[in-house]
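*Asks:* Attaching a predicted model along with its sequence, questions to come.
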Amino acid sequence: MKYLSNRLNSILNCLLHNEEYVTSVQLSALANVSTRTIKKDIVELNEFLKEFEMEIMSKTGVGYSINIKNYLLYNQLLQDMKNSGVKKVEEIPKYRYERVNYIIKKMLTVDYYLTLEDLMEELYISRTTLTADMKEVREIFKDYNLDIITRPNYGILLVGDEMAKRLCIAEYFFHSNVSTGYFAADNAMFVSDTNQVEIDFISNTLSEINEKLNIKMADLSFQNFVIHILVAIRRWKFYGYIKQDSMCLQDFDKESKEFVAAKQLIEKIEHYFNILLPDTEICYFGLHFKSKHIAEIDELKREDIELGEKTFYQIYYTLQHNYNYIVKNKQLYEEYLRLHLPAMASRLNSGLVMRNPQINEILSKYLCSTHITVILCEIIEKNFDVRMNRNEFAYLVLYTNLLFDFNKKYKEKILLVCGRGRPETITLINEVNESSLQISNDIEICDVLSLETKKLSQYDYILSTVPLEKKINNSYYYLNNDISYVPEIEKIIRSDKISYNRVHDYFSEETFASGLKGTARDEIFQEISKKLNMPELVNLFWESEHIISHETLKNVVFLHVTKPVQGNFVFVGLMKKPIIWNKQWAQIVVFVNINDNLQKLFNCYLFLEDSLFRDHVSNSLSKISKFDDFEEQILKKEGI
C-alpha cells in the first residue's frame, strides 16, 4: 500500500470514522494546518483512494465525506492500513456502537470531568458525530439510572448510584462481548498471578457457602457472581460503597438464607483482604444470592404461585383470542416457568441480570416463538411489575417454544405408495417408524396394486416411489431416491407448507420498500412508518427495543412490536446501504404482522427463513428496486 504521511493518515481516519460531513475547519484543527493545505491534501488522498473505488466528496458550505462504491475494497483498505502499521486503525472505534461502548467505558473508569474536545480528538470524529453518539450514551446510562452532568468549562461527568455503576461496569467490561467468555479467570483484566489467586479464593469461598446453605446456582450465574465480587473489590479501593438509601436494598429479609450467605461471604472477604465493609455490602451480595438461587417448588411463596397461575391464564387467553390457538401441552411449560418467573422478577428489579450466552442463536432459531414472546411480555411485565431485557427475554422464548408443536410433527394425512415389492414396503415402514424426523401423526403405506381400493381425496399428500399413471388431483409427488426416502418426504412437505401460495396474501407492493435511507435504527423506523402510513409504528418499535433488537443470518433484521397493528401483512424493506444494527451488518429489514392465526404466522416465518436466507436472494437484494423483481427472487425454487 502507498505510504501516507501522518497528516494525511489523520485526515483519512477522521473521514472514515465520520458518518456525517466534516468541515475543512475541523480537519485543519485536527491536522494543525491551514484550510488551504487541507484542500491540497484532499486532492492527494483522492488519488490514493482511486484503487479502492472510493472518493472524498465536497459539498459547498457543508464539508467533506467519503463515497464508498465497493465495500469489499473498503474493508481491504482498513486491513491494509492495519497491516502496514501506518496507523492502528483497529484501535480507533469506527462504527457508532463501537464509539458508544468506548465512551461508556471511559466514563465508567474516571472520576473527573471529560471535555468533548478530548473525546473528539481520541475518536477522530466531529462535534456533530459526537453529539449524536452522546445521545445514545445518555439513553444507555438512563437504563441503569445513571446520568451525565455538564459543567461549563469543565466538561461531562457520570453521576449516579454505586450499585448502578457496578452493574454497568460488569456489563460493558465483562459481558458486552460474548466471545471473551464468562469466566473471570479468562478475562484479559485478570491475567496476573495475584488476580488468579484472588479468583480462586472467591470461587472456593462461594462454593463452600453455597454447599453449606444448600443454595443452587447455574454455572453461568456462579461465574457472573464471581465477576461482580471482583468489581466490588476494585470499587472499594476508591471508596465506592453501596449507599444505605439504595431503593433495591429496602425490606431485605435478614432472616433468609441468602442474607446469611452474604454475611458469611463478607466476613471471609474482610478477613482475607484485611478491610472493614458497611452492612449495605451484605445486602448487595444478598441480592445476588437471591437472584441467582435456583428455587425448588416448595420454596415458592403463596403469592408467587397465585401470580404464576394468573399469568398462565392470561397467556393462554391471549393465544386463543389473538391467534386462534388453544394450548394443549401445558405441563412442561408451567413446570419450568413457574419456578423461573419469581427469580426472574427478582433479578430484573435489582438489575442483577442472568446472562444468556446463546441469546442470538435462540432468537434466530425460534423466529415465531420470538414474535409471540414479545406480545406475551406485556403480560409478564405488568403482573410482576418489571421491565424486560434481552437476556431474560431469550430464556422466555425457549419456554414459549414448549407450547407449540409446529416443529415436531406435521398433521397432514399422508399416503405412501410403494411399487417395488414387499421388501421395499417393509423397509420404508421401518424407516418411517424409526425416523427422528417424525414426519406425521397419520401416515399410511400401500403398494401400487392396493391403490385402487383407496379413497384418494382423504389424503393431503400422495407420495410414490414409482411414477403413477393414474391422474391424481391431490398433492402428488414422485420420490426419486434409491437410498433414503424420509429426508425427501420431509423436504417435500416442508416446502409445500411454506410455499408462496400459502403466504402470498401478506406480500404486496404497498408493504415493500427499496432504497431505505438511514444510518441508524431510528432513521429506519421513520422510513418504515412513512411507507406504511402508520406514524404510531415508530414508538411501537422503540417500545420493543428494550426487550429485543436482534439479527438473523444473511443480514436480515426482524422487527417486532409489543402490540400488533391493524391488518395482516409482511413488510420487507431493503436499505440503500448496509448499516450496523446492534453490532452486526444488516441490509434487509422485515416486519411480520399476522394476527389471525398462529399456524399462518409460523408458516410465514418458515417461508421467510427459507427464502430470504438463500444465498442467491441475499446477495442480489441490494440491487433490487421493484416489487416484481423482489417477488421473482424469493420465488426461485433453488434451495427449497
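*Replies:* Nice, I can see it.
*Asks:* hey, where'd the helices end up in the stretch 501-640 of the chain?
*Replies:* Here the stretch 501-640 of the chain has its helices, by DSSP state H, counting those that start in this stretch, at 521-532, 536-545, 598-612, 615-618, 627-634.
*Asks:* need these in a markdown table with mean neighbour count and mean pLDDT, can you?
*Replies:* Quick note: C-beta positions are derived from backbone N, CA and C, even for glycine. Compiled in a markdown table, the helices of the stretch 501-640 of the chain are given as follows (neighbours: other CB atoms under 10 Å; pLDDT from 0 to 100):
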| stretch | mean neighbour count | mean pLDDT |
| --- | --- | --- |
| helix 521-532 | 18 | 90 |
| helix 536-545 | 17 | 88 |
| helix 598-612 | 21 | 82 |
| helix 615-618 | 15 | 58 |
| helix 627-634 | 15 | 78 |
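*Asks:* wait, which of these is closest to residue 396?
*Replies:* Ranking the helices of the stretch 501-640 of the chain by proximity to residue 396 (CB to CB) places helix 536-545 first, at 13.6 Å.
*Asks:* helices and strands around that closest one, which ones?
*Replies:* Under the contact criterion of 3 or more CB pairs under 8 Å, 6 or more residues apart in numbering; DSSP states H and E, helix 536-545 touches helix 521-532.
*Asks:* Next, the residues that contact the helix it packs on from outside, please.
*Replies:* Helix 521-532 is contacted by residues 510-511, 513, 516-518, 535-538, 541-542, 545, 549, 559, 571, 573, 575, 579, 581, 589, 591 when judged by CB atoms under 8 Å, 6 or more residues apart in numbering.
*Asks:* Buried members of the residues you listed into PyMOL, please.
*Replies:* Remark: buried members of the contacts of helix 521-532, expressed as a PyMOL selection using 16 or more other CB atoms under 10 Å:
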select buried, resi 511+513+516+518+537+538+541+545+549+559+571+573+575+579+581+589+591
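*Asks:* among the contacts of helix 521-532, which are in strands?
*Replies:* Among the contacts of helix 521-532, the ones falling in strands (DSSP state E) are 513, 516, 559, 571, 573, 575, 579, 581, 589, 591.
*Asks:* for the residue lying closest to residue 563 once chain neighbours are set aside, what are its contacts?
*Replies:* Closest residue in space to residue 563, ignoring its immediate chain neighbours: residue 540 at 6.6 Å, by CB to CB, 6 or more residues apart in numbering. Contacts here follow CB under 8 Å, 6+ apart; on that basis residue 540 touches 561-563, 565.
*Asks:* at 7 Å what do you get?
*Replies:* 561-563 (CB atoms under 7 Å, 6 or more residues apart in numbering).
*Asks:* can you check residue 356 too?
*Replies:* Residue 356 neighbours (CB under 7 Å, 6+ apart): 391, 394-395.
*Asks:* Any idea which of those residues the model trusts least?
*Replies:* Least confident entry in these, by pLDDT: residue 391, with 83.
*Asks:* number of nearby residues for it?
*Replies:* 17 (other CB atoms under 10 Å).
*Asks:* which residues are in contact with the host helix or strand of it?
*Replies:* Per DSSP states H and E, residue 391 falls inside helix 390-401. Contacts of helix 390-401 with the rest of the structure, by CB under 7 Å, 6+ apart, involve 333, 336-337, 340, 344, 347-348, 353-356, 359, 362-363, 366, 369-370, 372-373, 376-377, 547-548.
*Asks:* mind redoing it with 8 Å?
*Replies:* Outside of helix 390-401, the residues within contact range by CB under 8 Å, 6+ apart are 333, 336-337, 340, 344, 347-348, 353-356, 358-359, 362-363, 366, 369-370, 372-374, 376-377, 380, 388, 547-550.
*Asks:* Buried ones in it, by neighbour count?
*Replies:* Within helix 390-401, the residues that count as buried by 16+ other CB under 10 Å are 390-401.
*Asks:* cool, stretch 49-62 as well?
*Replies:* Residues 49, 52, 54, 56 are the ones in stretch 49-62 that count as buried (16+ other CB under 10 Å).
*Asks:* quick one: contacts for the spatially closest residue to the first one that is not a sequence neighbour?
*Replies:* The spatially closest residue to residue 49, leaving aside those adjacent along the chain, is residue 55, at 6.2 Å (CB to CB, 6+ apart). The contact partners of residue 55, by CB under 8 Å, 6+ apart, come to 46, 49, 66-67, 69.
*Asks:* Would it be right to say that residue 55 lies in a helix?
*Replies:* No: looking at residue 55 with DSSP: H, G, I helix; E, B strand; the rest coil, it is strand, so not inside a helix.
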